[in-house]
Each structure stands twice: as C-alpha cells, then as structure tokens.
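Chemist: Make a model of this:
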Amino acid sequence: MQRYLKPAKHSLMIMILCAALLLINIILPVNSLGIVPREVNHLSGIVFAPFLHADWLHLISNFLPFVILSSLIGLHSLRRFWMVFTLSILFTGCLVWLFARGGSIHIGMSGVVYAMWGYLIVYGFRQKHFRDVLIAVLVVILYGGLVFGVLPSAPNVSYESHFFGALVGGVLGYLFSKPV
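Modeler: Numbers count the residues shown, from 1 in each chain. Sure thing, here's the model as predicted:
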C-alpha cells in the first residue's frame, strides 16, 4: 500500500508549495515570475510558472488532475515521476516561451497536467501491458475532455501551455515506452 501512497505524497507536497506561493503572492508579486514569451528577462519563468497560480480557483482546478495523473505515473517509480515532472516543466515551458502569445504572463500547473495526461495515454497504448493500457483507458475516460483545452477559449487561459504540455507528454510517453 505504501508503494501506491508515496507518489501521491510527493504530488501533494508540490501542490502545497503552489499554495504557499499563492499566499506569498498576496504580499510579493511572485506571479510576475511566470513565462513571458520571447522576453529574455523571463526565461526563469520556464521553471517558476508551473508553481504559480492566479488565484485559489486556478490552483484548485489543477489540484486533483495533477495529484491523480502524477500519482499514476509514480506507480512505475518515484524516479519516473520526477523525470516526467521535470522534463514536462522544462520542455513545455521552453515551447511556451518560444511560441505562445506575447504580452502575457503564462502561469499554472495545467501545462504539466496536460503533459502527464499525454504521457499516460501514449505510454499505455504503446507499452501494451494490461496495467498501462487500463490506466490509459481510464485517463481517456476520466480526462478525455482535456482535449478541448488545447483550443483557444478565454483570453486569460494559456491554451498554448495545454497544447505544448500534451505534445511534450505524448513525446515523453513514446520515448519512455518499449513497445511489445
């Protein structure tokens, strides 16, 4: 049982960090540390952006999908969890910095959530082990609606983070899998 709870503990600790940063943002404007596309001064946003959220609703909307999807990745190993998490942050952030709409600050964990979503789906169907396919099917059933998040909707939603996150996750799922 401990094996299944350990990844969830790591995911929860990450989200507690996000909540702490949201509280700090009340005093200090840390959200300005997000990604501002093609602004060299904001390259650090590639690393900071996933941990920053606009408000409590923004954080809460990322909370459950992040904890569930990242915990499912962590079932393989904590090493895999941290590799996918870290690579998702770096590559999604770089693509957002390079190609997203300028003049806006991109923040939030949703790019990483989409990366984990894409990873689990591609990994599961490519790996073809029963457990991995079952996880992929459950992810499609439970979070299939995420596919619409890659389309432009509200001006304050970074659909670019969603799109590039899903793309990065799919590539990582492909690279980490060994087809049977």
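
Chemist: By mean pLDDT, which helix or strand of the protein comes out lowest?
Modeler: Lowest by mean pLDDT, DSSP states H and E among the helices and strands of the chain is helix 2-27, with a mean of 92.

Chemist: Send over the helix or strand in which Trp82 is found as CSV, restricted to the C-alpha atoms.
Modeler: Using DSSP states H and E, Trp82 maps to helix 78-99. The C-alpha coordinates for helix 78-99 follow below in CSV (Å, rounded to 0.1, in the frame of the first residue of the first chain):
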residue,chain,number,x,y,z
LEU,A,78,9.3,7.8,-8.0
ARG,A,79,12.3,8.2,-10.3
ARG,A,80,9.9,8.1,-13.3
PHE,A,81,7.5,10.5,-11.6
TRP,A,82,10.3,13.1,-11.1
MET,A,83,11.7,12.6,-14.6
VAL,A,84,8.4,13.1,-16.3
PHE,A,85,7.5,16.0,-14.0
THR,A,86,10.9,17.8,-14.5
LEU,A,87,11.1,17.2,-18.3
SER,A,88,7.4,18.3,-18.6
ILE,A,89,8.2,21.6,-16.9
LEU,A,90,11.3,22.3,-18.9
PHE,A,91,10.2,21.3,-22.4
THR,A,92,6.6,22.7,-22.1
GLY,A,93,8.0,25.9,-20.6
CYS,A,94,10.5,26.3,-23.4
LEU,A,95,7.9,25.8,-26.1
VAL,A,96,5.5,28.2,-24.4
TRP,A,97,8.4,30.8,-24.1
LEU,A,98,9.2,30.3,-27.8
PHE,A,99,5.7,30.1,-29.4
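
Chemist: Pull the residues that contact it.
Modeler: With Cβ atoms under 8 Å, 6 or more residues apart in numbering as the test, helix 78-99 has contacts from 6-7, 10, 14, 35, 37-38, 42-43, 45-47, 49-50, 70, 73-74, 106, 111-112, 114-116, 119, 158, 160-161, 164-165, 167-169, 171-172, 176. C-beta here means a position set from N, CA and C on the backbone, and glycine is covered the same way.

Chemist: List buried residues within those.
Modeler: 6-7, 10, 14, 35, 37, 42, 45-46, 49-50, 70, 73-74, 106, 111-112, 114-116, 119, 158, 160-161, 164-165, 167-169, 171-172, 176 (16 or more other Cβ atoms under 10 Å).

Chemist: Helices of this protein, residue ranges please.
Modeler: Remark: helices assigned in the chain by DSSP state H are 2-27, 45-48, 56-74, 78-99, 110-127, 130-143, 159-176.

Chemist: any idea which residue sits dead centre in this structure?
Modeler: Nearest residue to the geometric centre of the chain (Cα atoms, centre = their mean): Val112, 1.0 Å.
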